[in-house]
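Q: Just a sequence and a predicted model for now, questions to come.
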Amino acid sequence: MRRLGLATVLGFLLAVFGLAPSASAADADLTFATDSATTTPGGTVRLSMTLTNNKTYDILFVYQTIDPTWLTTQRPDLKYSFTDCSLTTDTGSTPCSGTGPANLGPNYGATIPPGQSRTVTLTLQVSADSGCNGNIGFYTYYYAEFSDTTNISGGPVYTPETRVLCA
């Protein structure tokens, strides 16, 4: 009986301090795609991130970061930047509110209703003087709040890698 009491108290404390999960992984789904697995110095690759609301409540808020993987940071000869960003919704495509490895959450636009998706596409520009035969990859953490006051956080979620080839 004493163990049951301790487990109950511990569970309560975790819930009070926000350490217990409040939504399942099926509530929101973040997927990635690239338009090419390879590029050359001076080339571009489009990285698309699609956030799907699988819950029966609206997503009201999204916070997302994107950072290079550890292996990417170990190759200082790989030079790249994000140069463009667009948001695709059911009504068309619009420019994002920002680009680069920053808070990408506002780029998903306003509320995401149940069953709908938003796709943010970043253009990865590889510098003409970039090194070759290396992979550029990223990972992300995200947090979403729903209109029923629940939330979900996920990550790290890894993007497909892009191989920089020399012709």
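A: Received the coordinates, thanks. Numbering: from 1, shown residues only.
Q: Any stretches of this protein with poor pLDDT?
A: Applying pLDDT under 70 to the chain picks out residues 1-27, 97-103, 105-106, 109-110, 167.
Q: so what's C96 up against?
A: C85, S86, L87, L104, P106, N107, V120 (CB atoms under 8 Å, 6 or more residues apart in numbering). Just so you know, the C-beta spots here come from the backbone N, C-alpha and C atoms, and that holds for glycine as well.
Q: quick one: which of these is nearest D148?
A: P106 (21.6 Å; CB to CB).
Q: Which helix or strand contains the residue nearest the centre of the chain?
A: With distances taken as CA atoms, centre = their mean, T140 lies nearest the centre of the chain, 4.5 Å away. Element membership for T140, per DSSP states H and E: strand 138-146.
Q: buried stuff in that strand?
A: F138, Y139, T140, Y142, Y143, A144, E145, F146 (16 or more other CB atoms under 10 Å).
Q: cool, stretch 61-75 as well?
A: Result for stretch 61-75 [16+ other CB under 10 Å]: buried residues F61, V62, Q64, T65, I66, P68, T69, T72, R75.
Q: helix or strand right after whichever helix or strand the second one is part of?
A: Under the assignment given by DSSP H and E, the secondary-structure element containing V62 is strand 59-68. Of the helices and strands lying after strand 59-68 in sequence (DSSP H and E), the nearest is helix 70-73.
Q: Perfect, that will be all.
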